[in-house]
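Student: Could you work out the structure for the sequence below:
(one chain, ligands or ions: 1)
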Amino acid sequence: MQFSFSERLKQLPPYLFVELDRKKAEAVQRGVDVIDLGIGDPDLPTPDFILERLKEAAQRSANHRYPSSEGMKAFRCAAAGWYKRRFGIDLNPDTEVATLIGSKEGIAHFPFAFLNPGEVVLVPSPGYPVYHIGTLFAGGVTHFMPLTAENDFLPDLNAIPEDVLKKARILWINYPNNPTAATAERPFFEKVVAFAKEHGLIVCHDAAYSEMTYDGYKAMSFLEVPGAKEVGIEFHSLSKTYNMTGWRIGLAVGNPDLIAGLKKVKSNVDSGQFNAIQEAGIAALESDQSCVETMRQIYQERRNVLVSGLRSLGLNAPSPKATFYVWLPVPQGYTSQTFSALLLEKAGIVCTPGNGFGAPGEGYVRMALTVSTERFKEVIERLKGIL
Ligand SMILES: *Cc1c(COP(=O)(O)O)cnc(C)c1O
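Tutor: As a prediction, this is how the structure comes out:
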């Protein structure tokens, strides 16, 4: 028997990291001590008190049955409480909050609820790949909005052509941003709300990095802007905030009609997240958040070592005030691909070529702050030899 992938799968963009993955595997094979700054996955363990709560919750047999696809009421209440304390926003836990099996799940499923085939989704580029993939799976068409240094890595909404806007249904934004580490402030979010109202767009804000901030910076919620809840929803994740990427727990909050649509899709494709994991999530959300501050300090120290080291080598490294990425412009004479190949071949350092996140990411590499301070010192030592 021969099986061919569906047209839907054949449409997916090519995986641009094939060559890099191959070279990395080769280097490991040769015995090179590879330093991997490629993956956006915290290296630190989930805090103990969260694990303890899971153990206890896992032992209760009531938790062994099917969960509900919209999430436990107690988790949705904890999420609403966290929103109130963190952003001063009131949410109805029944109608304005959904539990997700990681925010990626909700991001990928959301278009199924609101997008008709042929309709357009506005997606930042470079960007998290799932906005585009979710669009393709739902039969939609992606219009990429370039994020460039000239615009502080914010999309230029006025540059979207009229005919595209007529067919557009959903607008994705993501701040603090992966991969550029850019942040957005109130005037931008206000512009987005006004723009969405004018053009009848649904706004989806991916706030996965809202808690990973440094130097005292506090990221705001999109929902803090008046009128935001009329046009949009916000996605959050416990993955980065509490080192819980493997647990698969996130949330969507905001406009009740949009939340209802997402819940309706989910009730037809999944049966929710294990209640014990939701209970552990409640422990995280209701904690004093000191574990988050501890992680901020660790990432900030790593960032300082990496950024000052890169600068001492003459590289034009920006110091991000949020996310755990450094979005580094490559030196003169290199492309994203040739520079990342150089780092791997000559220094055993893996970073991600910026164009892998979309063509406007050309000219950058992304380095994740997910190895120890000692390893970042080693990174700088190795780079001294080759730059
Ligand atoms: C890591 C990340 C997520 C979170 O994914 P989960 O599915 O919640 O683990 C969402 N958006 C962006 C931009 C990310 O980088």
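Student: What parts of the protein come near the ligand?
Tutor: Residues of the chain found near the ligand, taking CB under 6 Å from any ligand atom as the criterion, are 40, 102-104, 128, 174, 178, 206, 208, 237, 239-240, 245, 250. In short, each C-beta sits where N, CA and C put it, glycine included.
Student: Can you flag the buried ones in the residues you listed?
Tutor: Applying a neighbour-count criterion of 16 or more other CB atoms under 10 Å, the buried members of the residues of the chain next to the ligand are 40, 102-104, 128, 174, 178, 206, 208, 237, 239-240, 245, 250.
Student: tell me the two of those that are most distant?
Tutor: The largest distance within those, taken as CB to CB, falls between Asn174 and Thr245 and amounts to 16.9 Å.
Student: ok, now which ones touch Arg86?
Tutor: If you count contacts by CB atoms under 8 Å, 6 or more residues apart in numbering, Arg86 has them with Ser221.
Student: so which strand or helix has it?
Tutor: Taking DSSP states H and E as the criterion, the element that holds Arg86 is helix 73-87.
Student: helices or strands up against the next helix or strand after that helix?
Tutor: The helix or strand immediately downstream of helix 73-87 is strand 97-100, counting by DSSP H and E. If contacts are counted by 3 or more CB pairs under 8 Å, 6 or more residues apart in numbering; DSSP states H and E, strand 97-100 sits against helix 73-87, strand 250-254, helix 256-269.
Student: need those in a markdown table with mean pLDDT, can you?
Tutor: Supplementary listing: the helices and strands packed on strand 97-100 in a markdown table, determined by pLDDT from 0 to 100:
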| stretch | mean pLDDT |
| --- | --- |
| helix 73-87 | 98 |
| strand 250-254 | 98 |
| helix 256-269 | 97 |
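Student: looking at those, which is buried most?
Tutor: Burial among these, expressed as mean neighbours by mean count of other CB atoms under 10 Å, is greatest for strand 250-254, which shows a mean of 27.
Student: So what are the sheet partners of it and their directions?
Tutor: Sheet pairing here is set by DSSP bridges, and for strand 250-254 it gives strand 97-100 (antiparallel), strand 232-237 (antiparallel).
Student: Any idea how far it is from the middle of the chain?
Tutor: Distance, stretch centre to chain centre, for strand 250-254: 14 Å (CA atoms, centre = their mean, to the nearest Å).
Student: what angle do it and helix 73-87 make?
Tutor: Per axes from the mean of the first three to the mean of the last three CA atoms, to 10 degrees, the angle that strand 250-254 makes with helix 73-87 is 70 degrees.
Student: sorry, back to before: looking at the helices and strands packed on strand 97-100, which is closest to Ile233?
Tutor: Ranking the helices and strands packed on strand 97-100 by their distance to Ile233 (criterion: CB to CB) puts strand 250-254 first, at 3.5 Å.
Student: which ones are touching the most centrally placed residue in the chain?
Tutor: Nearest to the centroid of the C-alpha atoms of the chain, with distances taken as CA atoms, centre = their mean, sits Ala208, at 4.9 Å. Residues near Ala208 by CB under 8 Å, 6+ apart: 103, 174, 178, 235-237, 239-240, 250.
Student: quick one: average confidence on stretch 353-371?
Tutor: This predicted structure assigns stretch 353-371 an average pLDDT of 97.
Student: Next up, phi/psi of the nearest residue in space to Arg53 that is not next to it in sequence, please.
Tutor: Excluding the flanking residues, the one nearest Arg53 by CB to CB, 6 or more residues apart in numbering is Ala283, at 3.8 Å. Backbone geometry at Ala283, expressed as degrees, to the nearest 10, gives phi -60, psi -40.
Student: quick one: Ala283 from Val32, how far?
Tutor: Note on Ala283: its distance to Val32, by CB to CB, to the nearest Å, is 40 Å.
Student: Likewise for Lys264?
Tutor: Summarising the geometry, the distance separating Lys264 from Val32, computed by CB to CB, is 50 Å.
Student: likewise Gly254?
Tutor: When distance is defined by CB to CB, Gly254 is 47 Å away from Val32.
Student: cool, and Glu70?
Tutor: With the distance defined as CB to CB, Glu70 ends up 48 Å from Val32.
Student: Between those two, which has more neighbouring residues?
Tutor: Taking Glu70 and Val32 together and counting by other CB atoms under 10 Å, Glu70 has the greater number of neighbours (21 against 15).
Student: For the residue nearest to that one when sequence neighbours are not counted, give me its contacts.
Tutor: When the adjacent residues along the chain are set aside, Glu70 lies closest to Lys263, with 4.7 Å between them (CB to CB, 6+ apart). Contacts were defined as CB under 8 Å, 6+ apart; by that measure Lys263 touches 69-70, 98.
Student: how does it look with 10 Å?
Tutor: Residues touching Lys263, when contacts are defined by CB atoms under 10 Å, 6 or more residues apart in numbering, comprise 68-71, 95, 97-99, 106, 113, 252.
Student: which of these lies closest to Pro161?
Tutor: Minimum separation from Pro161 among the contacts of Lys263 (CB to CB) is found for Ala113, which lies at 25.9 Å.
Student: Would you list the phi and psi of Gln36?
Tutor: No Gln there; residue 36 is Asp. The phi/psi pair for Asp36 (degrees, to the nearest 10) reads phi -100, psi 110.
Student: was I right about it contacting Leu343?
Tutor: No - here Asp36 lies out of contact with Leu343, judged by CB atoms under 10 Å, at a distance of 11.2 Å.
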